[in-house]
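Chemist: Fold the following and give me the result.
(2 chains)
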Amino acid sequence: MSQASVSHPAGKSLIGNFTEDAFAAHLASHAGAPAWWLERKREAYARFAALPLPSRTDEPWRFSAIGALTVDGFRVAAPASAQVPAPDDLSDLDLAPVATLDFLNNRLAGSAVALPAELAAQGVVVVPLSQVLASSAAGAAAPGSAGEVLRKHFMAQAQRLASDKFAALHTAFVGDGAFVYVPRGVELAGPIVISHRAQGDGTAVFPHTLIVAEENARVTVIDRFASVDGAAQLAIGANDLYAGHGSQVTYIGVQDWSRSTLSFQLNSTVVRRDARVQSLNLHLGARQARHESMSQLQAPGAFSEMLALTIADGEREFDQRTLQLHQAPNTKSDLLYKNALLDRARTIFSGLIIVDPDAQKTDAYQSNRNLILSEDAEANSLPGLEIQANDVRCTHGATTARIDPEQAYYLKSRGIPPAQAEELLIFGFFEEVLDRLQNAELHAALTALIRAKFKVQPSQVRPA
Amino acid sequence: MSNLNATDTLETVAANPVEGIDQSSGNFSYDVKYEFDAGTGINERVVDYISGVKKEAAWLREFRQNALKTFQAKPLPTHWATRDLEAINFDKIRYYLSSGQKPKRTWDEVPDDIKRTFERLGIPEQERKFLAGVEAQFDSEAAYSNIKEAVSKQGVIFVNSTEGLREHPEIFRKWFGKVIPTGDNKFSALNSAAFSGGSFIYVPPGVKVSHPLQAYFRINAENFGQFERTLIICDEGSEVTYMEGCTAPKFSTSTLHSAVVELVALKGAKIQYITVQNWASNVFNLVTKRGLAHEEAEIKWIDCNIGSRLTMKYPGVVLKGRKARGEVISIALANDGQHQDTGAKMIHAADETTSTIVAKSISVGQGRSTYRGVVHIPRHLKGCKNNTECDALLINSNSRTDTYPAITVRGDRHAVQHEASVSKVSEEQIFYLQQRGLTEGQAMSLSVNGFINDLARQFPMEYSVELKRLIDLEMEGSVG
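Modeler: Sure thing, here's the model as predicted:
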């Protein structure tokens, strides 16, 4: 029985092509997975099918162009039509990854750099989710095994930023993803680079990255999202970050989907005692991109640094929602989201700091800075606080401004062409965020990525 | 025909007993013989009845009836607002009462029982003399006024809403319901259907009203909702300051206060509107206030909320003319059982308009204060500026504060800035003051007064004195 006929009042279907038949076919391809995995998928599918699409009066979707949010017209990705070479634009950046995983249309496409044997011997695991599922299918997963870690942490945190429907769709149809496990005390020298790519018109992809760092471990993960072609795709990605006691996790997300893609990226970060997580999301692609990021500071000494840079141009919309959840005393969070707006682009930043009643001595900061470079761009800011403890230091700020005319004049008087001057000033604006990266190679790599973006775009997208 | 049970309820409410301070002041209610009573609940008949009693023109009766339909059609805004709103039982509220009095000219003509009410408020003899120039609102009708005479020499019209719409429709009808349309929200619709009382003021071109115009509002019957309607029009180049303050009797069931205040500042005019709100802690205070500022005009809201169970009030300015200026100064104090959901709205609709919002809130005990704001700068404007500052002070470990601003800026020729902070009173400061011989409570009170001092100074003298006294009262018993 298909539910495809159940349609939303606005003429949009609740489930599109993600019918019960499509779901059954997807489950069939996961026949070897453990029972709990299949059960979770079934629950998620039921939730997805039942939940309504966001509506105009839903406060968590305020200012979003909800009219364009639909699952209609997309279907679960078929295997890639042809061999597509692995992305190599990072290879000349001197990053020296310790391991890479490359996914194309929800399936593992390759692993150019295999994890060194000595790290594997120390217990580090960097494998596709499918491998963990296959190895833990037979019998009960042993405590501490990869299967058990996956079960404990995969999409384990409740969605609190309102994309429940899309999160459920992700869980129901997630095909594969990256599983990164760093055991107690192990520090990785180089980054792990994961790439999720999509190919084909109407393709739906569900990239997933799960990172678990045990006590005092240290790891850096670069998660890349890109389209092989310029086709319109639906990408619903999720990443779960778990930073055990005293661990240090650095997460860099680079979203560069095709400019016709509808993208959702849902992040959940759990920070334990004295752990430190730094995440930086770079938003470059997609037609409409919603990014939800939630940090739970669960034990004293936990620190989450949440950073984001967005280049919004064309007629695109970038919708970022964040939650800094202080659940224990003496925790710290620091958020800095910067948007550069060009053309007719729109951005939405909606952030919330929640300080639980017992989370005294919380130190929370939240800042959204918008630089508007065009008369037709629109920036929306909703910086929110909900504080239920009194001995705290919580501040937030939001500014929206243009380029300082004096700076522009200075560059102009030095004979620098306007387009280049604009680029320089945007870099100046972004530098504050990039400077937070402690690793110089990472800093250089991201700068190069942003620069490359500028090289292509002005001629391609923006009419002179 | 009054079936009121508003007998002398001088019960001493000792929730927060403090030596030397009469906690029961403000908790009074005298039996007043109401001449007209529309019963409880609201429907077409009640609206017709109100309109009939007021001998209103047909257009106004129709306006009320349409507003009633809008009110009934609109859902409660609980998708963003607190669910506490669901506790309001609209059928138990009394929508119209009048003692049938004509506005009085002199103090002598004011009925004795109403004078006693003033006495209960503890207004000193000296101040009472000063207040002789006050437009005092008793229940729905103006019970007392004489500043009118002084200002009418300048051509100022200062009347209640009924008189304004009946005697001066050529002036007031043009703007009535234009700044805040009936359908703006559920409560502005309710007010538009049931309004009575309030002040209608017109200041002619170039006239600067030297004395602030004042009105005291007071609810004095159980379950009696009060729906004042105020419209102030300042013609080109004129200036006026208007003050409203309220202390309400304490009743056992919730009361609803839902006013609509519209300000119109024509070219170059200046309006300053000051409110000190101290309703009893069972009152729902759901007020819509908005001003329309034309070219180079200036509208400033000074809004202080201390009382009520739930206040939802976001004074706004629509900056319609070039170089118009809007300002909101907001102070909120939420004690146990109270939720002060206040803020500001700045809608920029012309070039080079500027707006400023400064909001300070204090949460005591389990009190909750919320800042909610909107700053909107649409396309094709240039040189707009907004600056917003919100500071919250949390006194006890279980106090709560929220901040929910929404800022929309289109275009690259504006500068908008929002800053907010949350803090507590510094322990060092309290320690220092205690070293100097103050009790902890006095030290806390002094610190809180210091926190809002820069804003309190902007109030007229007697208000800032009253404010300080109210804060002292609220802070007593909050520590230790």
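Chemist: Tell me who's in contact with A:S279.
Modeler: A:S279 sits next to A:L241, A:T250, A:Y251, A:I252, A:G253, A:N267, A:T269, A:S293, A:S304, A:E305, A:M306, A:L307 when contact means Cβ atoms under 8 Å, 6 or more residues apart in numbering or on different chains. C-betas here are computed from N, CA, C, even on glycine.
Chemist: Could you give the number of residues near the first one?
Modeler: A:L241 has 25 neighbouring residues, counting by other Cβ atoms under 10 Å in any protein chain shown.
Chemist: Isn't it up against A:Y251?
Modeler: Yes. With contact defined as Cβ atoms under 8 Å, A:L241 counts as touching A:Y251 (5.9 Å).
Chemist: so what sits against both of the two?
Modeler: Common contacts of A:L241 and A:Y251, defined by Cβ under 8 Å, 6+ apart, comprise A:I211, A:T269, A:V277, A:S279.
Chemist: ok, and the most crowded of those residues?
Modeler: Highest neighbour count within these, by other Cβ under 10 Å: A:T269, with 28 neighbours.
Chemist: And that residue, how close does it get to chain B?
Modeler: 23 Å (Cβ to the nearest Cβ, to the nearest Å).
Chemist: Looking at the stretch 151-300 of chain A, which residue is nearest chain B?
Modeler: A:A162 (12.2 Å; Cβ to the nearest Cβ).
Chemist: That residue - nearest residue in space that isn't next to it in sequence?
Modeler: A:P60 (3.4 Å; Cβ to Cβ, 6 or more residues apart in numbering or on different chains).
Chemist: Tell me who's in contact with the one you found.
Modeler: Contacts of A:P60 by Cβ under 8 Å, 6+ apart are A:P54, A:L161, A:A162, A:R321, A:S350.
Chemist: so which residue of chain B comes closest to chain A?
Modeler: B:L394 (3.5 Å).
Chemist: Quick check: the nearest residue to A:A156 once chain neighbours are set aside vs A:A68, distance?
Modeler: Leaving aside its chain neighbours, A:A156 sits nearest to A:D240 (6.9 Å; criterion: Cβ to Cβ, 6+ apart). A:D240 is 27 Å from A:A68, where distance means Cβ to Cβ, to the nearest Å.
Chemist: So these two - more neighbours on which side?
Modeler: The neighbour count for A:D240 versus A:A68, taken as other Cβ under 10 Å, is higher for A:D240 (21 against 11).
Chemist: quick one: strands adjacent to the helix or strand harbouring that one?
Modeler: Assessed by DSSP states H and E, A:D240 sits inside strand A:234-243. Partner strands for strand A:234-243, per DSSP bridges, with pairing direction: strand A:203-205 (parallel), strand A:208-213 (parallel), strand A:262-271 (parallel).
Chemist: Could you dump the ones you listed into TSV and include distance to A:Q131?
Modeler: Formatted as TSV, the strands paired with strand A:234-243 follow (distance: least, Cβ to Cβ, whole Å):
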stretch	distance to A:Q131
strand A:203-205	19
strand A:208-213	13
strand A:262-271	22
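Chemist: In its sheet, which strands sit next to the host helix or strand of B:V159, and in what direction?
Modeler: Element membership for B:V159 (DSSP H and E) is strand B:157-160. Looking at strand B:157-160 with DSSP bridges, its partner strands are strand B:199-203 (antiparallel).
Chemist: Now do the same contact list for B:A67.
Modeler: So B:A67 contacts B:T182, B:A189, B:L190, B:N191, B:S192, B:A193 (Cβ under 8 Å, 6+ apart).
Chemist: Just the buried ones out of these, please.
Modeler: By neighbour count, with 16 or more other Cβ atoms under 10 Å in any protein chain shown, these hold B:T182, B:A189, B:L190, B:N191, B:S192, B:A193 as buried.
Chemist: Give me the three-state assignment for the third one.
Modeler: Which is B:L190. Secondary structure state of B:L190, per DSSP: H, G, I helix; E, B strand; the rest coil, is helix.
Chemist: Now do the contacts for it.
Modeler: Listed by Cβ under 8 Å, 6+ apart, the contact set of B:L190 reads B:I42, B:A67, B:F71, B:F227, B:S258.
Chemist: What of the fourth one?
Modeler: Each residue near B:N191 by Cβ under 8 Å, 6+ apart is listed here: B:A67, B:F227, B:R229, B:S258, B:A259, B:V260, B:T288.
Chemist: Among those, which has the minimum pLDDT value?
Modeler: Among those, B:F227 has the lowest pLDDT, at 88.
Chemist: pretty sure that residue contacts B:A259?
Modeler: Yes. Applying Cβ under 8 Å as the test, B:F227 and B:A259 come out as touching, 6.7 Å apart.
Chemist: got the residues of the stretch 301-450 of chain B near chain A?
Modeler: Residues of the stretch 301-450 of chain B lying close to chain A by Cβ under 8 Å from any Cβ of the partner chain are B:379-380, B:392, B:394-424.
Chemist: Quick one, which of the residues you listed are buried?
Modeler: Here, 16+ other Cβ under 10 Å leaves B:392, B:394-396, B:398-424 buried among these.
Chemist: want to throw the shared contacts of A:L241 and A:Y251 into CSV with pLDDT?
Modeler: Listed next are the shared contacts of A:L241 and A:Y251 as CSV, based on pLDDT from 0 to 100:
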residue, pLDDT
A:I211, 98
A:T269, 97
A:V277, 98
A:S279, 97
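Chemist: After the strand holding A:D240, heading C-terminal, what element do we hit next?
Modeler: By DSSP H and E, the next helix or strand past strand A:234-243 is strand A:248-256.
Chemist: quick one: strands adjacent to that next one?
Modeler: Sheet pairing for strand A:248-256, assigned by DSSP bridges, gives strand A:218-227 (parallel), strand A:276-283 (parallel).
Chemist: what's the nearest residue to B:A332 once chain neighbours are set aside in contact with, if anything?
Modeler: Excluding its sequence neighbours, the residue lying closest to B:A332 (Cβ to Cβ, 6+ apart) is B:Q340, at 3.8 Å. B:Q340 makes contacts with B:N305, B:S308, B:T311, B:A332, B:L333, B:A334, B:S361, B:G367, B:R368, B:S369, B:T370, as judged by Cβ under 8 Å, 6+ apart.
Chemist: just A:D102 next, same as before
Modeler: Contact partners of A:D102, counting by Cβ under 8 Å, 6+ apart, are A:A86, A:P87, A:L108, A:A109, A:G110, A:S111, A:A112, A:I194, A:S195, A:R197.
Chemist: now swap in B:D351 and tell me
Modeler: Counting by Cβ under 8 Å, 6+ apart, B:D351 touches B:R322, B:K323, B:L381, B:K382, B:G383, B:C384.
Chemist: Buried among those residues? Need that as a selection in ChimeraX.
Modeler: Buried residues among the contacts of B:D351 (16+ other Cβ under 10 Å), as a ChimeraX selection:
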select /B:323,381,384
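Chemist: A:Q420: which of the contacts of B:D351 is nearest?
Modeler: B:K382 (25.3 Å; Cβ to Cβ).
Chemist: Looking at the backbone only, give me phi and psi for the closest one.
Modeler: Main-chain dihedrals, B:K382, degrees, to the nearest 10: phi -140, psi 150.
Chemist: could you point out the longest helix in chain A?
Modeler: The longest helix of chain A (DSSP state H) is helix A:440-460.
Chemist: can you list contacts of that helix?
Modeler: Helix A:440-460 is touched from outside by A:89-90, A:93-96, A:191, A:220, A:222, A:250, A:252, A:254, A:256, A:280, A:282, A:284, A:309, A:311, A:313, A:419, A:423, A:426-427, A:430, A:434-435, A:437, with contacts defined as Cβ under 8 Å, 6+ apart.
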